[in-house]
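In: Mind looking at a prediction? Sequence and model below.
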Amino acid sequence: MMPRILCLLLLSVLCFVPSLPAMAEETVVLVGENMDAWRKPRGDWIVVDSAEQDPQAPSRIILKPGSGVLANGMKGKTRNLLSQHEHGDVAAHIEFMVPKGSNSGIYFQGRYELQVLDSWGVGKPGFGDCGGIYQGFSNGKSTPGHAPRVNAARRPGEWQAFDVVFRAPRFDASGKKTENARFVTVSLNGQVIHENVELLGPTIAPAFSEEKPRGPVMLQGDHGPVAYRNIRLNSLADPKNESFSSLFDGETFTGWRKIGGGDWDISDGVLRGTMEKSEPRHGHLITDRKYRDFSLRLKYKAIAGNSGLYFRVEEGGNAGVKGFQAEIDPNNDVGGLYETYGRGWVIKPK
């Protein structure tokens, strides 16, 4: 990384909260032996043993009696289906199958759609292709859709799988929205197709236009034959129980220790780091505690030189620490991801 030359960094706020715990608080399975996990009216949705693309009519599905697979009826077109369970933050695994030319969608909280479509062979997928996050309409304005990074869709008639981490919108005590919902990660058939996509509002044709902390899963059933299986929702932290804790008390270095060169002081509730040009060592201030999954917020001001916000670091090496950092600089590359004593630049900001 660039030498830390005459670096001054002002930190006024540092907060921490576990946001995606390693263990789920609750696991809900939505496809089983019957339709009890789904709200009435259910239209023609049925539970069957298997669903296969009809080799004689590739746009249709052949269904066999039994349990374990959910399908939108013998005609392949019926009303949308809502789950009894309402989720907030969730890690979801959803398997689906569409025949040739068919179309469906999965709405998280009944509001935010991941597109299900026969997109096999599409060279440059758009937000309407399989795995796309559909466009929306909020507060009288259109909101953008988000195309998948790559076309990871399989051939029609093959079973496919989404693995999704979804973060619900946040609201204050008065009910005012303070943070938008977001898809933290979306993988299709093992390939990451979205990361950290913020949702400005519900996508088109939601079950509910008003955003809430929780809502049901909705499966679109009126656009063509589709089958689902192995729908598992691992509920994560309840948004209502989320709380941030300060890492800096505004007056002392309690919980922090210095490594390497440079100097640190505290003035008017602000951590300030400085370094002379002649200092050969890098200088860092690191927490005594170690953390697992978290959300971190801070306010900073970089006056001159170069700095960075390190996370998941290990002590060692000529720089004093090794690991990831989000670049902090008064002029260039702010927000870029750099791995010290690793790959170097992982990604530079656009």
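Out: Nice, I can see it.

In: hmm, who's touching the longest strand along the chain?
Out: Criterion DSSP state E: the longest strand present in the chain is strand 61-71. Residues from elsewhere that reach strand 61-71 (CB atoms under 8 Å, 6 or more residues apart in numbering): 30-34, 45-54, 74, 76, 97, 99, 219, 225-229, 231. Glycine gets a C-beta too; all of them are placed from N, C-alpha and C.

In: repeat for stretch 249-259
Out: Residues contacting stretch 249-259 (CB under 8 Å, 6+ apart): 247-248, 264, 266, 269, 283-289, 315, 320-321.

In: again, only this time at 6 Å
Out: 264, 269, 284-285, 287-288, 320 (CB atoms under 6 Å, 6 or more residues apart in numbering).

In: returning to that earlier point: and the buried ones among the contacts of strand 61-71, selectable in ChimeraX?
Out: Typed into ChimeraX, the next command selects the buried ones out of the contacts of strand 61-71 (criterion: 16 or more other CB atoms under 10 Å):
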select :30,31,45,46,47,48,50,51,53,76,97,99,219,225,226,227,228,229,231
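
In: So which of the contacts of strand 61-71 belong to strands?
Out: Using DSSP E, the contacts of strand 61-71 in strands are 46-53, 97, 219, 227-229, 231.

In: JSON lines for those, including distance to Gly336?
Out: Putting those into JSON lines (distance: CB to CB, whole Å) gives the following:
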{"residue": "Ile46", "distance to Gly336": "51"}
{"residue": "Val47", "distance to Gly336": "49"}
{"residue": "Val48", "distance to Gly336": "50"}
{"residue": "Asp49", "distance to Gly336": "51"}
{"residue": "Ser50", "distance to Gly336": "49"}
{"residue": "Ala51", "distance to Gly336": "46"}
{"residue": "Glu52", "distance to Gly336": "48"}
{"residue": "Gln53", "distance to Gly336": "45"}
{"residue": "Met97", "distance to Gly336": "40"}
{"residue": "Leu219", "distance to Gly336": "39"}
{"residue": "Ala227", "distance to Gly336": "43"}
{"residue": "Tyr228", "distance to Gly336": "40"}
{"residue": "Arg229", "distance to Gly336": "41"}
{"residue": "Ile231", "distance to Gly336": "38"}
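
In: ok, so of these, who is nearest Met275?
Out: For those, the minimum distance to Met275 (CB to CB) is 53.7 Å, reached by Ile231.

In: ok, the nearest residue to that closest one once chain neighbours are set aside - contacts?
Out: Distances taken as CB to CB, 6 or more residues apart in numbering place Leu30 nearest to Ile231, at 4.0 Å, with adjacent residues excluded. The contact partners of Leu30, by CB under 6 Å, 6+ apart, come to 37, 83, 231.

In: can you list these in a markdown table and add distance to Pro330?
Out: Putting the contacts of Leu30 into a markdown table (distance: CB to CB, whole Å) gives the following:
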| residue | distance to Pro330 |
| --- | --- |
| Ala37 | 54 |
| Ser83 | 49 |
| Ile231 | 49 |
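
In: Report the two of the ones in strands among the contacts of strand 61-71 separated the most.
Out: Largest pairwise distance in those, by CB to CB, is 20.2 Å, between Gln53 and Ile231.

In: what does stretch 165-173 rub up against?
Out: Contacts for stretch 165-173 (CB under 6 Å, 6+ apart): 88-91, 108, 177-185, 211, 213, 239.

In: Apply 7 Å and report the result again.
Out: 20, 88-92, 108-109, 177-185, 211, 213-214, 239 (CB atoms under 7 Å, 6 or more residues apart in numbering).

In: just stretch 127-136 next, same as before
Out: Against stretch 127-136 from outside (CB under 7 Å, 6+ apart): 105, 113-117, 119, 122, 125-126, 142-148, 151-153, 183, 186, 188, 193-194, 197, 200-204.

In: Give the buried subset of these as a ChimeraX selection command.
Out: Per 16+ other CB under 10 Å, the buried members of the contacts of stretch 127-136 correspond to this ChimeraX selection:
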select :105,113,114,115,116,117,119,125,143,145,146,147,148,151,152,153,183,186,188,193,194,197,201,202,203
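
In: Filter the contacts of stretch 127-136 down to the ones in strands?
Out: 105, 113-117, 142-143, 183, 186, 188, 193-194, 197.

In: Give me the number of neighbouring residues for the spatially closest residue to Glu195 that is not a sequence neighbour.
Out: Closest residue in space to Glu195, ignoring its immediate chain neighbours: Thr185 at 5.6 Å, by CB to CB, 6+ apart. Thr185 is flanked by 17 other residues according to other CB atoms under 10 Å.

In: Using JSON lines, lay out the ones in strands among the contacts of stretch 127-136 together with distance to Gly344 and pLDDT.
Out: Converted to JSON lines, the ones in strands among the contacts of stretch 127-136 look like this (distance: CB to CB, whole Å; pLDDT from 0 to 100):
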{"residue": "Gly105", "distance to Gly344": "40", "pLDDT": "97"}
{"residue": "Glu113", "distance to Gly344": "38", "pLDDT": "98"}
{"residue": "Leu114", "distance to Gly344": "34", "pLDDT": "98"}
{"residue": "Gln115", "distance to Gly344": "36", "pLDDT": "98"}
{"residue": "Val116", "distance to Gly344": "39", "pLDDT": "98"}
{"residue": "Leu117", "distance to Gly344": "38", "pLDDT": "97"}
{"residue": "Ser142", "distance to Gly344": "40", "pLDDT": "87"}
{"residue": "Thr143", "distance to Gly344": "36", "pLDDT": "89"}
{"residue": "Phe183", "distance to Gly344": "28", "pLDDT": "96"}
{"residue": "Val186", "distance to Gly344": "27", "pLDDT": "96"}
{"residue": "Leu188", "distance to Gly344": "29", "pLDDT": "97"}
{"residue": "Ile193", "distance to Gly344": "26", "pLDDT": "96"}
{"residue": "His194", "distance to Gly344": "25", "pLDDT": "96"}
{"residue": "Val197", "distance to Gly344": "26", "pLDDT": "95"}
